[in-house]
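Student: With the input below, show me the fold.
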Amino acid sequence: MQDPDLPVEGSFRRDLAGDQTDALVREEPLLLQVDGQQLLTMRTPGRDADLALGFLLSEAILENPRQVLESKFTPGSAAELQPDRMTLHLDASLPEAMRGRLTRTHEIRSSCGICGLTDADEMLEGLKPLLPGVPKISRADIFACRERFLQEQPLFRATGASHAAALFDAAGKLLGAGEDVGRHNALDKAIGQASRAGEDLSQAIAMLSGRAGFDLVLKCLRLRIPVILSISAASALSFDVCKAAGASLVGFLRESKFKVYCSGSRISDA
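Tutor: Okay, here's the model as predicted:
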């Protein structure tokens, strides 16, 4: 059991003004090296293997975890100004189209490759279609997933400065979860964890701690995740993308209510 006087993983205890102390979220660089390509991100340390795998999958650079043949974490050196490093080697038979996406990505950011696109159909080009009408999830199960989601956020409870994401199946089973100073990183950690466990995401439900921005929505759709629940609002472009894809988008998820933006047929009143 962790000492309650110590900060949770992903945070540091710092002395504040007026003889106060507080737990602050960690925000440190990670250099991702993938077959000679280098990508840099700021993230909350911990679960870096899940972060790297989830990023490669959610950016459609990989189709499945088995395409990663080897991965290695190397801690950084503050004295030598070297960041932590994740080195990955991919299957040599990876299609050129996927390797091309990696080549065009110079930093970990989910908007890479879609700059200048504003049409939902353009953004969905090349993505596999979602399974129609599934999964079915009840209102009661949505609220139950929300409660479980809140339990998976110790870093936020300690610092108030982290994002979270989680994936569930229709029965409410937690498939993967992640917390991070970056909202994209939190989702990538959840995707990486679920994918590493071999979970089928084509009938999964994603839950996001903040707004449903189009970049997070696209990450989900690339994995064929058909239901996206957000604690906050959705953007107009997220709505357009989900409607075009046939995905179910829910926002303003509170203790006893939520707003269905589109494709509400997957959500029952039971």
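
Student: Could you find the closest non-adjacent residue to R14?
Tutor: L24 (5.2 Å; Cβ to Cβ, 6 or more residues apart in numbering). Bear in mind the C-beta positions are built from the backbone N, C-alpha and C, glycine included.

Student: any idea which element C220 lies in?
Tutor: Using DSSP states H and E, C220 maps to helix 214-222.

Student: same deal with D22?
Tutor: Assigned by DSSP H and E, D22 belongs to strand 21-25.

Student: re the thing from before, so what touches the helix holding C220?
Tutor: Residues lying outside helix 214-222 but in contact with it, judged by Cβ atoms under 8 Å, 6 or more residues apart in numbering, are 57-60, 110-111, 114, 123-124, 127, 130, 165, 183-184, 187-188, 191, 206, 208, 228, 234-235, 237-238, 241-242, 245, 247, 249.

Student: In the stretch 51-200 of the chain, where is pLDDT below threshold?
Tutor: 103-118 (pLDDT under 70).

Student: which other residues reach the stretch of helix or strand F149 belongs to?
Tutor: F149 belongs to helix 139-151 when assigned by DSSP H and E. Contacting residues not belonging to helix 139-151 are listed as 164, 166, 168, 170-172, 174, 177, 205, 207, 209, 229, 231, 250, 253, 255-256, 258, 267-270 [Cβ under 8 Å, 6+ apart].

Student: Which ones among the residues you listed map onto strands?
Tutor: 164, 166, 168, 174, 177, 205, 207, 229, 250, 267-268 (DSSP state E).

Student: how deep is the residue nearest to R14 tucked in, by neighbour count?
Tutor: Taking other Cβ atoms under 10 Å as the criterion, the count of residues near L24 is 16.

Student: give the contact list for it.
Tutor: 7, 11-14, 159, 161.

Student: Quick check: the two most widely separated of the residues you listed?
Tutor: Using Cβ to Cβ, the two most remote members of the contacts of L24 are R13 and A161, lying 14.0 Å apart.

Student: More neighbours: these two, which one.
Tutor: A161 (15 against 12).

Student: Quick check: that one is in a strand.
Tutor: No: read with DSSP: H, G, I helix; E, B strand; the rest coil, A161 is coil and lies in no strand.

Student: that older thread, tilt between the strand holding D22 and strand 163-168?
Tutor: If you take axes from the mean of the first three to the mean of the last three Cα atoms, to 10 degrees, strand 21-25 sits at 60 degrees to strand 163-168.

Student: Please work out the average pLDDT along strand 21-25.
Tutor: Strand 21-25 carries an average pLDDT of 93.

Student: in that strand, what counts as buried?
Tutor: By 16 or more other Cβ atoms under 10 Å, the buried positions in strand 21-25 come out as 23-25.

Student: Return the closest of these with respect to A197.
Tutor: Looking across the buried residues of strand 21-25 and measuring by Cβ to Cβ, the closest to A197 is V25, at 26.0 Å.

Student: what helix or strand is L30 on?
Tutor: Here L30 sits within strand 28-34, counting by DSSP H and E.

Student: Just the CA atoms of the following helix or strand past that strand, as PDB, please.
Tutor: Counting by DSSP H and E, the next helix or strand C-terminal to strand 28-34 is strand 37-43. Provided in PDB are the C-alpha atoms of strand 37-43 (Å, rounded to 0.1, in the frame of the first residue of the first chain):
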ATOM      1  CA  GLN A  37      12.400   7.800 -37.300                       C
ATOM      2  CA  GLN A  38      12.300   9.900 -34.200                       C
ATOM      3  CA  LEU A  39       9.300  11.500 -32.600                       C
ATOM      4  CA  LEU A  40       9.200  13.600 -29.500                       C
ATOM      5  CA  THR A  41       6.400  14.200 -27.000                       C
ATOM      6  CA  MET A  42       5.900  15.500 -23.500                       C
ATOM      7  CA  ARG A  43       4.100  13.000 -21.400                       C
END
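
Student: For the helix or strand just after strand 37-43, list the C-alpha coordinates in PDB.
Tutor: Per DSSP H and E, strand 37-43 leads on to helix 48-58 as the next helix or strand towards the C-terminus. Output in PDB follows, covering the C-alpha atoms of helix 48-58 (Å, rounded to 0.1, in the frame of the first residue of the first chain):
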ATOM      1  CA  ASP A  48       5.500   4.300 -22.000                       C
ATOM      2  CA  ALA A  49       5.200   1.000 -23.800                       C
ATOM      3  CA  ASP A  50       1.400   1.300 -23.900                       C
ATOM      4  CA  LEU A  51       1.800   4.900 -25.000                       C
ATOM      5  CA  ALA A  52       4.100   4.000 -27.900                       C
ATOM      6  CA  LEU A  53       2.000   1.100 -29.100                       C
ATOM      7  CA  GLY A  54      -1.300   3.000 -28.700                       C
ATOM      8  CA  PHE A  55       0.100   5.900 -30.700                       C
ATOM      9  CA  LEU A  56       1.300   3.700 -33.600                       C
ATOM     10  CA  LEU A  57      -2.100   2.000 -33.700                       C
ATOM     11  CA  SER A  58      -4.300   5.100 -33.400                       C
END
